[in-house]
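**Student:** dropping a prediction and its sequence here:
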Amino acid sequence: MENIKDTSTVTIVEDYSVLKFNLLEDKDIEQAQFIFSAIREYVKRHLQEKIDYGTIPYCGNKPVLFKPGAEKLCRLFKLRPTFDLVDKIIDYQSPLFHYHFRCNLYRFGELVGQADGLASSKEKKFDRTDKRGVYDYSVVNTIMKMAQKRALVAAVLIVCGASEYFTQDLDD
């Protein structure tokens, strides 16, 4: 039986059985252990260094996950990515091209995670102005795809719990 005392400013619940905690049960812990073991084994057996992941000089020892590795983890976990364009700036006069995508990961029709990725022509790697000051507009599609890739890799790391093994692709 619940015994509640009203002190005019604070309600005190003396019977804690009415409070419900959303704690993991033993079967949930066993399932999580199985999943993490499966990731470890899958990474060892099926992901190839320099193709699916790799280290980048001067960026630490932790390998970064590349797009092919993220796509393989999507297949392992039966994830289907979709992309939403959150924001864009297309200014041919500046020139400034900026894309912001959100990657949504679905499993059997249910949204299980999402993350955002951005890319901009202001990044040094996308500066394609020649000596005459003419911008190479062929890089615009690359900038768009880079934003999508960054969103995909971030979402996969979150949903798969793979941050123990990989970090976000620092150098792209």
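**Tutor:** Now that the structure is in, tell me what you want to look at. Numbers count the residues shown, from 1 in each chain.

**Student:** residue 166 reaches residue 60, doesn't it?
**Tutor:** No: with contacts counted by Cβ atoms under 8 Å, residue 166 stays clear of residue 60, the gap being 11.6 Å. For every residue, glycine as well, the C-beta is placed using N, CA and C.

**Student:** more crowded one of those two?
**Tutor:** Between residue 166 and residue 60, counted using other Cβ atoms under 10 Å, residue 166 has the larger neighbour count: 24 against 11.

**Student:** now that one. Nearest residue, chain neighbours left out?
**Tutor:** Nearest residue to residue 166 in three dimensions, chain neighbours excluded: residue 65, at 3.8 Å (Cβ to Cβ, 6 or more residues apart in numbering).

**Student:** count of neighbours near that neighbour?
**Tutor:** A total of 27 residues lie near residue 65 under the criterion other Cβ under 10 Å.

**Student:** so how far is residue 39 from it?
**Tutor:** 12 Å (Cβ to Cβ, to the nearest Å).

**Student:** one more: residue 100?
**Tutor:** Distance of residue 100 to residue 39, given as Cβ to Cβ: 29 Å.

**Student:** and residue 138, by the same measure?
**Tutor:** From residue 138 to residue 39 the distance is 38 Å (Cβ to Cβ).

**Student:** cool, residue 116 as well?
**Tutor:** Distance from residue 116 to residue 39, by Cβ to Cβ: 23 Å.

**Student:** in the chain, which spans are helices?
**Tutor:** Ranges of helices within the chain are 26-46, 67-76, 140-160, based on DSSP state H.
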